[in-house]
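Enquirer: generate coordinates for the sequence data below:
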Amino acid sequence: MDIASATAAVQAAGAGGKSSAAATALAGNFDTFLKLLTTQLMHQDPTNPMSSDQFTQQLVQMSGVEQSIQTNRNLELLLTANAIQNASQAISLLGKEVTGSGTAATLEGGKAKWNFATAANAPDTILQVINADGATVYTTRMDAAKGNHQFEWDGKDSNGSQLPDGTYFLKVTANAANGAPVAIDTRTTGIVTAIDMSTTDPLLTINGAQIRYSQITSVKQPGTAQ
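Expert: Got it, this is the predicted structure:
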């Protein structure tokens with residue numbers, strides 16, 4: 001999908017938003033309101049006419065509804081503009097090497113690498129490598145201090161057999177010395193090979209898996225130093 005197509009899709013979604021439907025409904029309701037008000041004025045008791053305060057209050061209420069709808073419309077326009085900007089920027093990442101929140105890595109030539117961070121010291125940390133079918137193929141333990149870590153896998157399963165190249169996922173379970181769970185932030189690095197712009201937060205395919213554009217933390221040209 002190119003930028004023009006993405007923009008058109010996002011704008012079309014915005015055009016069919018709730019504020020447009022509400023504005024259409026308000027227009028019909030306003031016509032009905034005016035007819036009822038005119039009829040009320042024509043048939044009111046001359047000895048007890050509608051007070052100007054009551055008349056003004058009804059108009060103010062209708063005006064308030066109209067202003068609320070316009071505010072919602074403006075918010076929808078801002079969201080649409082942001083979505084178009086995201087789509088434009090996401091397109092520029094195609095073919096670039098990016099890093100972002102994710103668990104997928106590509107095993108190539110007997111090497112796959114992940115980065116993760118622990119929020120606190122986690123002496124009981126379990127790392128599981130999972131294949132594309134969801135099966136755990138390798139498990140190891142480590143004493144992870146608070147901070148950033150790198151895990152490099154040689155592509156061999158728990159029995160020592162070499163596994164085929166492809167996409168694998170890392171599951172990290174960390175526990176403190178007292179058994180309390182420790183928060184983990186796993187990051188993936190790879191080349192952007194595809195972009196799905198069907199949502200306001202585009203999905204980028206990296207290492208055979210998708211991560212959101214908003215989850216990207218760094219970008220560089222492939223083969224250059226960070």
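Enquirer: can you pull out the strands in this protein?
Expert: When assigned using DSSP state E, the strands of the chain occupy the ranges 97-101, 104-107, 112-118, 122-130, 136-144, 147-153, 166-175, 181-182, 184-196, 203-206, 209-212, 216-220.
Enquirer: from the contact counts, what lies against the fourth one?
Expert: If contacts are counted by 3 or more CB pairs under 8 Å, 6 or more residues apart in numbering; DSSP states H and E, strand 122-130 sits against strand 136-144, strand 166-175. Bear in mind the C-beta positions are built from the backbone N, C-alpha and C, glycine included.
Enquirer: figure out which of those strands is closest to V98.
Expert: strand 166-175 (15.9 Å; CB to CB).
Enquirer: still on that earlier bit, okay if I get the strands of the chain as JSON lines plus distance to T39 and mean pLDDT?
Expert: Output for the strands of the chain, formatted as JSON lines (distance: least, CB to CB, whole Å; pLDDT from 0 to 100):
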{"stretch": "strand 97-101", "distance to T39": "61", "mean pLDDT": "92"}
{"stretch": "strand 104-107", "distance to T39": "67", "mean pLDDT": "93"}
{"stretch": "strand 112-118", "distance to T39": "70", "mean pLDDT": "94"}
{"stretch": "strand 122-130", "distance to T39": "71", "mean pLDDT": "97"}
{"stretch": "strand 136-144", "distance to T39": "75", "mean pLDDT": "96"}
{"stretch": "strand 147-153", "distance to T39": "73", "mean pLDDT": "95"}
{"stretch": "strand 166-175", "distance to T39": "69", "mean pLDDT": "96"}
{"stretch": "strand 181-182", "distance to T39": "68", "mean pLDDT": "96"}
{"stretch": "strand 184-196", "distance to T39": "55", "mean pLDDT": "91"}
{"stretch": "strand 203-206", "distance to T39": "55", "mean pLDDT": "91"}
{"stretch": "strand 209-212", "distance to T39": "55", "mean pLDDT": "90"}
{"stretch": "strand 216-220", "distance to T39": "60", "mean pLDDT": "89"}
